[in-house]
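[1] sequence and computational prediction follow.
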Number of protein chains: 2
Amino acid sequence: MSKYFTEANSEEAVIARLENCDDPRFKEVMVSAIRHLHAFVKEVEPTVEEWTQAIQFLTATGQICDNKRQEWILASDTLGISMLVDAINHRKPPGSTESTVLGPFHVEGAQELAMGSDICKDGKGEPCVVVGRVLDPDGDPVKDAILDVWQTNGDGFYDVQQPGLQPDLNLRGKFRTGADGRYWLRTVKPVSYPIPTDGPVGKMLEKMGRHAYRPAHIHFIVSAPGFEPVTTHIFLEGDEYIESDAVFGVKDSLVVPFVQKTAAETPEEETLSGPFWRADFDFGLKQES
Amino acid sequence: MSKYFTEANSEEAVIARLENCDDPRFKEVMVSAIRHLHAFVKEVEPTVEEWTQAIQFLTATGQICDNKRQEWILASDTLGISMLVDAINHRKPPGSTESTVLGPFHVEGAQELAMGSDICKDGKGEPCVVVGRVLDPDGDPVKDAILDVWQTNGDGFYDVQQPGLQPDLNLRGKFRTGADGRYWLRTVKPVSYPIPTDGPVGKMLEKMGRHAYRPAHIHFIVSAPGFEPVTTHIFLEGDEYIESDAVFGVKDSLVVPFVQKTAAETPEEETLSGPFWRADFDFGLKQES
């Protein structure tokens, strides 16, 4: 090998500079990154103008980030990287609920509510109940499981996207199971909505010929003492975007029928006025290892 | 294949979303990028914390960029990507001077100076002359070639890095060849200097166990009517960092002996006071295609 960098030896020339790296894991990651970066450049042979466009995209994606917006996570999400990292880190045994992306809209500190409470505070959207159990790997109920729930309002916006326009902590709440592991809550039927498209990632999606929508879903983090918490969604079966989620979050096991019901069929025989939607979903938790 | 994203089908699931992309070149580039990104993630299996660190690096690298600083170009430079793109775009026939990185310190509008002028205006550093010819592929002299020259001062800083501290356009100038293709100019012996290390790229280099220095060099853009311009450096043979340029810019053919001379040996028999350094280098230009 030439003692200098050449087109032919480019990966090896850069990797050779890691000889004094004293962090074996960092070295492993950088060697793989360097190999793939150089292989990518050799495959596509970018013009100088294309390289300049790439530099501009990388720069702009960082520059639009602030306390409320993380465009690099959006890039990771829309390229399937977030879901891949999630899958690698949460390989689940059968019976455990599969995970999906956390997303940028979780808020710490939602209130614990009485079972059956309505998390919708703005009256927008179609009434809906979600009903089910939290189970251990043997199918036995899990007591004191906390279900941290959040979703958009009927207009497709999270409360934090519309400060001042939605009631505080609208469509957020925590529910705690009893000895029977059962939960139920009132909310509105979730709706599909687009991820932000006014930044570099939106331009990228447009150039790729892709839409920016997520299928309707309700977020959950389910945790309980002695079990691994799971971050997941339930998705509305039949949603227009169910097979083309802009962030690739949908899994077969998380697609749930939302069925239209009458007042007579509420859980625990309470009375809801008018027709409502009902989704049934049991969460399976895996013991902590 | 599952109709949803899985760990196993992740690349294909993302690539399938490009079916409506109407820009074949963009599609080709994105497909390659997606394949390599997913292969990289599958190879290194990042933890969620490592993924978060990567997001932070990507974000910070954009956020430190401004009109005077381009940290993403620095990242590209230090990972050998800039030189690889340069190599791919400037494959040269024998006899043509090889190119290297432009770097961030070129300035348009340097003055055209009389042949033999001194570009050093601050008196720092060791006097040096650079002497040579501009030749076509047949070895014949090229008339009206412009050599646009720039380098750091004797302290290792470009004028634009020290506004107010260095004279305007210090160590910059343009020289035009006559019918004999010859050029010569006075300057100072170049010195090695570090690239900026106070940002994310500096931290990355440190973690990789790498120094941040570039070996001493003088920048040139040589152009002439009917020929392809070449952007290159000449490097000081024997420099401490000649085999470990932080941006991989060195090529065998661009390493030049700088030889210490006495006043009697100046080009064109002018008189320089005291001893000086002399570098001889002929530039070869390739006809425009």
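    Received the coordinates, thanks.
[2] so which bits of stretch A:119-131 are buried?
    By neighbour count, with 16 or more other CB atoms under 10 Å in any protein chain shown as the criterion, the buried positions of stretch A:119-131 are A:I119, A:C120, A:K121, A:D122, A:K124, A:G125, A:E126, A:P127, A:C128, A:V129, A:V130, A:V131. Any C-beta I mention is one placed from the backbone N, CA and C, and that applies to glycine too.
[3] which ones among these are found in strands?
    A:P127, A:C128, A:V129, A:V130, A:V131 (DSSP state E).
[4] and those residues as a markdown table, adding distance to A:C21 and pLDDT?
    Listed next are those as a markdown table, based on distance: CB to CB, whole Å; pLDDT from 0 to 100:
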| residue | distance to A:C21 | pLDDT |
| --- | --- | --- |
| A:P127 | 58 | 93 |
| A:C128 | 53 | 94 |
| A:V129 | 55 | 93 |
| A:V130 | 50 | 96 |
| A:V131 | 54 | 95 |
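[5] contact residues of the stretch 51-200 of chain A facing chain B?
    For the stretch 51-200 of chain A, the contact set with chain B under CB under 8 Å from any CB of the partner chain comprises A:51, A:55, A:58-63, A:65, A:70, A:72-73, A:76, A:79-89, A:91.
[6] among those residues, which are in helices?
    Counted as lying in helices by DSSP state H, out of those, are A:51, A:55, A:58-63, A:72-73, A:76, A:81-89.
[7] now a PyMOL select for only the buried ones of those.
    Those of those that count as buried under 16+ other CB under 10 Å are selected in PyMOL with:
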select buried, chain A and resi 51+55+58+59+60+61+62+63+72+73+76+81+82+83+84+85+86+87+88
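[8] next one: the residue in chain A positioned nearest to chain B from A:I55, what distance?
    Going by CB to the nearest CB, chain B is nearest to A:G62 of chain A, at 1.8 Å. Between A:G62 and A:I55 the computed distance is 11 Å (CB to CB, to the nearest Å).
[9] go on, A:R91?
    36 Å.
[10] kindly report the same for A:P275.
    From A:P275 to A:I55 the distance is 55 Å (CB to CB).
[11] please apply the same query to A:D239.
    Counting by CB to CB - A:D239 and A:I55 are separated by 38 Å.
[12] circling back: and the pLDDT for the nearest residue to the residue of chain A closest to chain B once chain neighbours are set aside?
    Computed as CB to CB, 6 or more residues apart in numbering or on different chains, the closest residue to A:G62 that is not its neighbour in sequence is B:G62, at 1.8 Å. On pLDDT, B:G62 comes in at 97.
[13] am I right that B:G62 is in contact with A:D66?
    No: B:G62 is beyond contact range of A:D66, at 11.9 Å (criterion: CB atoms under 8 Å).
[14] before we move on, the earlier item: include distance to B:F283 when you put the ones in strands among the buried residues of stretch A:119-131 into TSV, please.
    As requested, those are exported to TSV (distance: CB to CB, whole Å):
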residue	distance to B:F283
A:P127	78
A:C128	74
A:V129	79
A:V130	74
A:V131	79
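[15] which one among those gets closest to B:P200?
    Distance to B:P200, by CB to CB, is smallest for A:V130 among these, at 43.1 Å.
[16] who does the closest one form a beta bridge with?
    Taking DSSP bridges as the rule, A:V130 bridges to A:L185, A:A279.
[17] now A:E206. Nearest residue, chain neighbours left out?
    The shortest distance from A:E206 to any non-neighbouring residue, by CB to CB, 6+ apart, is to A:T197 (7.5 Å).
[18] also A:T152?
    Closest to A:T152 by CB to CB, 6+ apart is A:Y158, at 5.3 Å.
[19] wait, the one you found sits on A:W150?
    Yes: with contact defined as CB under 8 Å, A:Y158 counts as touching A:W150 (7.2 Å).
[20] these two: which is more packed in?
    A:W150 (24 against 21; other CB atoms under 10 Å in any protein chain shown).
[21] the more buried one pairs with what?
    With DSSP bridges as the rule, A:W150 is bridged to A:R172, A:H219.
[22] do you know the pLDDT at it?
    98.
[23] then A:L18?
    98.
[24] what about the stretch 151-289 of chain A, any weak spots by pLDDT?
    A:264-271 (pLDDT under 70).
[25] ranges for the strands of it?
    Along the stretch 151-289 of chain A, counting by DSSP state E, counting those that start in this stretch, strands occupy A:172-176, A:182-188, A:193-194, A:213-214, A:217-223, A:230-236, A:255-256, A:258-261, A:276-280, A:283-284.
[26] let's have those in a markdown table, adding mean neighbour count.
    A markdown table is the format used below for these (neighbours: other CB atoms under 10 Å in any protein chain shown):
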| stretch | mean neighbour count |
| --- | --- |
| strand A:172-176 | 21 |
| strand A:182-188 | 22 |
| strand A:193-194 | 17 |
| strand A:213-214 | 24 |
| strand A:217-223 | 23 |
| strand A:230-236 | 24 |
| strand A:255-256 | 18 |
| strand A:258-261 | 16 |
| strand A:276-280 | 20 |
| strand A:283-284 | 22 |
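[27] anything in the longest helix along chain A near chain B?
    The residue-count maximum for a helix in chain A (DSSP H) belongs to helix A:24-44. Yes: remark: helix A:24-44 sits within contact range of chain B at A:26-30, A:32-34, A:36-44, by CB under 8 Å from any CB.
[28] now, of those, which are buried?
    Using 16+ other CB under 10 Å, the buried ones in the residues of helix A:24-44 next to chain B are A:26-27, A:29-30, A:32-34, A:36-42, A:44.
[29] per-domain residue ranges of chain A.
    Chain A resolves into domains spanning A:10-76, A:94-284 when parsed by automatic domain parsing.
[30] contacts only, for the most centrally placed residue in chain A.
    With distances taken as CA atoms, centre = their mean, the residue of chain A nearest its centroid is A:V101 (2.4 Å). A:V101 makes contact with A:D77, A:S82, A:M83, A:D86, A:T231, A:V247, A:G249, according to CB atoms under 8 Å, 6 or more residues apart in numbering or on different chains.
[31] list the contacts for the third one?
    For A:M83, the contacting residues are A:D77, A:T100, A:V101, A:V247, A:F248, A:G249, B:F5, B:S10, taking CB under 8 Å, 6+ apart as the criterion.
[32] want to try a markdown table for these, with distance to A:G139 as columns?
    Converted to a markdown table, the contacts of A:M83 look like this (distance: CB to CB, whole Å):
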| residue | distance to A:G139 |
| --- | --- |
| A:D77 | 33 |
| A:T100 | 23 |
| A:V101 | 27 |
| A:V247 | 31 |
| A:F248 | 30 |
| A:G249 | 26 |
| B:F5 | 28 |
| B:S10 | 31 |
